[in-house]
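Peer 1: Test case, fold it:
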Amino acid sequence: MTPRGWFRGVATQRIRKLRMTLNRISGLVVAVFGIILLFWIIPQHTETVDYGWLRPSTLPIITAVIVLISSIVHFVFPSGSAEFDVPLALRAGLFFVISLTGLFLMHLVGFRIAAPLLVMVVMLLVGERRPLWLIAGIVLIPFAMWSSIELLLNRPLP
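Peer 2: Numbers count the residues shown, from 1 in each chain. Got it, this is the predicted structure:
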């Protein structure tokens, strides 16, 4: 084996180890987030009620447990590659800012007005241009959310 070939082999192994390390770090970070959700955020920010067949903390706890289990599996069995893509990170940041703006709008004007606007903006940003799908998404998604929370869970929305 030539020195050049040996160096490429070592470099490839180091890159694979780095990718696996990045995958494990991401799994660990998400697992810590799941634990924080489960033991701090959900208990502190959900009400305890004695009525209804589904408690307000049930669905958040189920979601946090799924996040925690999935991240532990990802930590133990890392796969794929973890590479930082700047345009993708900026796009994710844009969706985060849009979500915060939607929350602020819900505080100002209420769910029934802000939710359809937020759904419309997100659908347009992901590239949906078909009028029937836009109308269905703008009407049906907020209605399904409103009816699930207001009617099924008997919880008020802003």
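Peer 1: Please make it C-alpha for all contacts and neighbour counts, starting now.
Peer 2: Fine.
Peer 1: Need the contact partners of the helix or strand harbouring V139.
Peer 2: Element membership for V139 (DSSP states H and E) is helix 131-146. Helix 131-146 has contacts (Cα atoms under 8 Å, 6 or more residues apart in numbering) with R112, A115, P116, L117, V119, M120, M123, E128, L157.
Peer 1: Show me which residues of the helix or strand hosting F75 are buried.
Peer 2: Counting by DSSP H and E, the element that carries F75 is helix 58-76. Within helix 58-76, the residues that qualify as buried are P60, I61, A64, V65, V67, L68, S70, S71, I72, H74, F75, counting by 16 or more other Cα atoms under 10 Å.
Peer 1: Just put those in JSON lines and tack on distance to T101.
Peer 2: Below are the buried residues of helix 58-76 laid out as JSON lines (distance: Cα to Cα, whole Å):
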{"residue": "P60", "distance to T101": "22"}
{"residue": "I61", "distance to T101": "26"}
{"residue": "A64", "distance to T101": "24"}
{"residue": "V65", "distance to T101": "28"}
{"residue": "V67", "distance to T101": "25"}
{"residue": "L68", "distance to T101": "28"}
{"residue": "S70", "distance to T101": "29"}
{"residue": "S71", "distance to T101": "28"}
{"residue": "I72", "distance to T101": "32"}
{"residue": "H74", "distance to T101": "32"}
{"residue": "F75", "distance to T101": "33"}
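Peer 1: I'd like the residues you listed written out as a markdown table, with pLDDT and distance to I135 added.
Peer 2: Formatted as a markdown table, those follow (pLDDT from 0 to 100; distance: Cα to Cα, whole Å):
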| residue | pLDDT | distance to I135 |
| --- | --- | --- |
| P60 | 92 | 29 |
| I61 | 94 | 32 |
| A64 | 96 | 32 |
| V65 | 97 | 34 |
| V67 | 96 | 32 |
| L68 | 96 | 36 |
| S70 | 95 | 34 |
| S71 | 94 | 36 |
| I72 | 94 | 39 |
| H74 | 89 | 38 |
| F75 | 89 | 41 |
